[in-house]
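Novice: task: produce atomic coordinates for the following.
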Amino acid sequence: MAATAPAASLREDATVISLVGFAHGTSHFFHFMLPPLFPWIMAEFTLGFTQAGLTMSVFFVVSGVGQALAGFVVDRVGALRVLIGGIALLSLSGLVLASATGFPMLLAAAAVAGLGNSVFHPADFTLINRRVSPSRLGHAFSVHGLSGNLGWAAAPVLMIAVAEAWGWRASGVAASLVGLAALAFLSANRRRLSDAGEAVAAPGKGGGTFAFLASPVVWMCFVFFFLTVMAFGALQNFAPAIFERSHGLTLALATSGLTAYLLGSAAGTATGGFFASRGEHQDRKVALALTVAALCAVALATGAMPAWTVVALMGVMGFGAGFSGPSRDMLVRRAAQRSLGGAAFGRVYGFVYSGIDSGLALAPLVFGPFMDAGRFTQVLWGVAILQCLAIGAALAVGGRSRAMAAT
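Specialist: Numbers count the residues shown, from 1 in each chain. This next block holds a predicted model:
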């Protein structure tokens with residue numbers, strides 16, 4: 001039979017959701033271990049922006065490749081062991097950063113952090129799917145997304161505050177201590193997260209270790225993540241500059257647009273959790289939410305709306321993108337379970353979510369030339385096009401998943 005989470009009390013589910021969310025927040029904290037320190041690191045080692053940015057390229061490339069591979073390890077040895085190993089690597093990356101004597105060691109710190117980060121999606125979602133009651137999965141996915149946003153928000157505050165007080169190397173040590181604290185906390189609660197022996201392959205659907213790569217729905221899920229995150233990557237990297245130069249906003253107000261997007265995304269993620277578990281048509285919910293986001297992008301690209309509406313439109317766009325998140329995660333779960341069974345959760349989630357790292361790594365390379373050429377609104381058109389393509393991918397995943405259920 002396919003692996004599903006057993007019925008559990010609200011308290012048990014809440015405990016698992018909180019612990020996994022805490023781990024996810026830790027991983028997102030390390031996404032921003034290096035960028036806040038760029039002013040200090042660039043001055044210390046006489047680096048340019050391209051070299052500094054290369055550290056994050058290394059992070060996401062290692063994380064993307066490692067994420068696809070980590071899923072196999074999760075399915076073989078269990079999600080909790082892999083999760084603890086990933087946090088240990090994150091903590092180690094802080095020490096490598098603190099002891100860096102040159103650019104190569106900065107790249108090494110980024111690579112170690114990327115390797116540690118790679119385990120979280122396959123491990124987190126395997127634990128959630130095996131340990132949380134199906135009726136509460138929407139809320140679990142919502143908390144998972146929100147905890148990541150909190151990790152993003154906490155990192156710059158801590159890293160900059162410590163660097164200003166004691167130097168950037170002390171910030172590396174502080175990041176390492178964050179990892180060690182998370183490691184100790186999860187180790188103390190390991191019994192609540194044990195997933196040993198939970199995976200049972202669906203009859204006739206195992207097909208071998210790499211069978212999931214022959215499933216069209218798995219590739220559709222990968223493409224969906226790649227498209228949506230590439231659109232986000234364009235905004236994350238260039239939105240303030242776009243609005244300053246094409247809409248005539250001050251830099252502070254233009255930056256507020258990106259902040260509004262992130263806040264809207266968090267609110268959308270929280271709201272989407274209440275709808276994700278309902279019914280069989282998560283793909284339609286994702287499509288509707290992304291349609292709203294795409295329309296906002298079109299309005300910004302055409303300049304049809306007054307400049308003062310930029311912040312509001314970005315907030316609505318973020319809400320639409322965030323609202324789609326829990327339904328998106330439920331959609332992937334259903335597709336994975338129906339195509340290969342619960343025993344392949346780690347492999348499927350690892351491969352599919354590596355599309356996130358791929359999108360984030362490529363977005364600056366694709367949209368950077370448009371920025372250099374002064375074609376700022378074309379980046380917004382690109383965001384809208386990517387979101388529209390993602391709608392098609394989501395509907396294809398949902399349709400394929402329902403077709404498999406009917407056979």
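Novice: please count neighbours and contacts with C-alpha atoms only from this point.
Specialist: Fine.
Novice: measure how buried Asp357 is and give me the count.
Specialist: When neighbours are defined as other CA atoms under 10 Å, Asp357 has 25 of them.
Novice: now for the helix or strand harbouring Ala390, which elements pack on it?
Specialist: Using DSSP states H and E, Ala390 maps to helix 376-406. On a contact count with 3 or more CA pairs under 8 Å, 6 or more residues apart in numbering; DSSP states H and E, helix 376-406 meets helix 216-246, helix 282-302, helix 310-340, helix 345-372.
Novice: what about the last one, distance to the chain center?
Specialist: Averaged C-alpha coordinates place helix 345-372 at 10 Å from its chain's average position (CA atoms, centre = their mean, to the nearest Å).
Novice: would you mind listing the buried residues in it?
Specialist: 345-364, 367-368, 371 (16 or more other CA atoms under 10 Å).
Novice: among the helices and strands packed on helix 376-406, which is nearest Ser57?
Specialist: helix 345-372 (6.0 Å; CA to CA).
Novice: what is the orientation angle of that closest one with helix 216-246?
Specialist: Helix 345-372 runs at 30 degrees relative to helix 216-246, counting by axes from the mean of the first three to the mean of the last three CA atoms, to 10 degrees.
Novice: now helix 345-372: mean pLDDT?
Specialist: On average, the pLDDT along helix 345-372 is 83.
Novice: quick one, it and helix 310-340 angle?
Specialist: Using the same axes, to 10 degrees: helix 345-372 against helix 310-340 is 150 degrees.
Novice: what residues does the most centrally placed residue in the chain make contact with?
Specialist: When CA atoms, centre = their mean is applied to the chain, the residue found nearest the centroid is Ile356 (6.1 Å). By CA atoms under 8 Å, 6 or more residues apart in numbering, the contact list for Ile356 reads 64, 225-226, 229-230.
Novice: any weak-confidence spans in the stretch 101-250 of the chain?
Specialist: By pLDDT under 70, the low-scoring segments of the stretch 101-250 of the chain are 195-209, 211-212.
Novice: make it 80
Specialist: Residues of the stretch 101-250 of the chain that meet the criterion pLDDT under 80 lie in 153, 194-215, 236-237.
Novice: can you show me the helices along it?
Specialist: 103-117, 120-131, 137-166, 168-188, 190-193, 216-246 (DSSP state H, counting those that start in this stretch).
Novice: packing partners for the first one?
Specialist: Counting by 3+ CA pairs under 8 Å, 6+ apart, the packing neighbours recorded for helix 103-117 are helix 10-31, helix 49-77, helix 79-98.
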